[in-house]
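Peer 1: build me a model from this:
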Amino acid sequence: MMTTKTTNLDAFLDKQLFDPDAPSNDDNWFANMVRNDYDSAEALYVGAIGLFGVILSQELLRMVKYGSAYTPFGSPGGGNLF
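Peer 2: Numbers count the residues shown, from 1 in each chain. As a prediction, the model looks like this:
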């Protein structure tokens, strides 16, 4: 028997978040790139997600290393990782 939580999760995961063929995306540059040059759009998307992940992981590492002296996106000055 499926619970409400499972049903809601399935509905969320099945929902399409981006439809390049939707009329509201006619002026969207990324939607046009997906329709006309899917490989380049996919590379751009993966690169942006990868860059976001690298920056986030670096900041989390700095947060753990510097503790209460951590300044978000600031320069620690030392340059040494450990």
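Peer 1: pLDDT (mean, whole number) over stretch 57-75?
Peer 2: Mean pLDDT, computed over stretch 57-75, is 86.
Peer 1: from the chain's centroid, how far away is that stretch?
Peer 2: Distance of stretch 57-75 from its chain centroid, counting by CA atoms, centre = their mean, to the nearest Å, is 20 Å.
Peer 1: and that stretch, which residues are buried?
Peer 2: Using 16 or more other CB atoms under 10 Å as the test for burial, stretch 57-75 gives residue 62. Glycine gets a C-beta too; all of them are placed from N, C-alpha and C.
Peer 1: with stretch 9-21 instead?
Peer 2: residue 20.
Peer 1: numbering from 465 from now on, please.
Peer 2: Fine by me, first position is 465 from now on; the one you just mentioned is stretch 473-485.
Peer 1: mind saving the C-alpha coords of that stretch as CSV?
Peer 2: The C-alpha coordinates for stretch 473-485 follow below in CSV (Å, rounded to 0.1, in the frame of the first residue of the first chain):
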residue,chain,number,x,y,z
LEU,A,473,7.2,12.1,-3.8
ASP,A,474,6.4,10.2,-6.9
ALA,A,475,4.3,13.0,-8.2
PHE,A,476,7.1,15.5,-7.6
LEU,A,477,9.7,13.3,-9.3
ASP,A,478,7.4,12.7,-12.3
LYS,A,479,6.7,16.4,-12.8
GLN,A,480,8.5,18.0,-15.8
LEU,A,481,10.4,21.0,-14.6
PHE,A,482,11.5,22.4,-18.0
ASP,A,483,9.6,22.1,-21.3
PRO,A,484,11.5,23.8,-24.1
ASP,A,485,8.5,23.3,-26.4
